[in-house]
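Engineer: Sharing a model prediction with you, sequence too.
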Amino acid sequence: MSGDEGVRAGQCHCGTVRFEVTLSDGFNSIRRCTCSYCRMRGAVVAMAEMGGIKFLGGEDALTSYRFHTRAAQHFFCSRCGIYTHHQRRSDQNLYAVNVACLDGISPFDFTEVPVMDGVNHTNDTGQPTRRAGTLRFIPAEEIP
């Protein structure tokens, strides 16, 4: 793997799906979403451009799910069920990658994660994407 900070190795829980991803803007693009699917899934994601994911193994084990407008395609391992990434609805040239699948990264590494308003999606409203709030993680040793 390259020394580039934007390039990360990742895999699903069982290790069947293995990949390398070039993050478009490192972890500056992390976010969560309030749409029905993302709300249930609960993942923190970072962005990669189309072609930014290189599969090292198990691509054939990926399955996908589409809902509502069927524009976004959400991928997950057919063996362990872990969501690895999805092709975004608002920009089909971007993938959102589950940071929990990246080696050495946890969603709890980020003390603040922007939460985007996916219930009122920009493709439905014609308005710019709205930030719905911020998800905060405060480690127990920091709680007074």
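Structural biologist: Cool, the structure landed. Just so it is clear, the structure is predicted and the values come from calculations on it, not from any experiment.
Engineer: which SS class is Val119?
Structural biologist: Of the three states, Val119 takes coil according to DSSP: H, G, I helix; E, B strand; the rest coil.
Engineer: can I assume it is in contact with Cys35?
Structural biologist: Yes - contact criterion C-beta atoms under 8 Å: Val119 and Cys35 qualify, at 6.1 Å. To be clear about C-beta, it is placed using only N, CA and C from the backbone, and glycine gets the same treatment.
Engineer: who has more neighbours, those two?
Structural biologist: Between Val119 and Cys35, counted using other C-beta atoms under 10 Å, Cys35 has the larger neighbour count: 18 against 14.
Engineer: out of everything not next to it in sequence, what's closest to that one?
Structural biologist: With sequence-adjacent residues excluded and distances taken as C-beta to C-beta, 6 or more residues apart in numbering, Cys35 is closest to Gly118, at 3.1 Å.
Engineer: pLDDT wise, what is the one you found at?
Structural biologist: Gly118 is assigned a predicted lDDT (pLDDT) of 85.
Engineer: Next one: it from Arg18, what distance?
Structural biologist: 28 Å (C-beta to C-beta, to the nearest Å).
Engineer: Name the residue in these two with the higher neighbour count.
Structural biologist: More crowded of Gly118 and Arg18, by other C-beta under 10 Å: Gly118, with 23 against 18.
Engineer: Report the separation between that one and Ala71.
Structural biologist: Taken as C-beta to C-beta, the span from Gly118 to Ala71 is 13 Å.
Engineer: Run through the residues that contact Val99.
Structural biologist: Phe27, Ile30, Ala43, Val44, Val45, Ala46, Ile105, Ser106, Pro107, Asp109, Phe110 (C-beta atoms under 8 Å, 6 or more residues apart in numbering).
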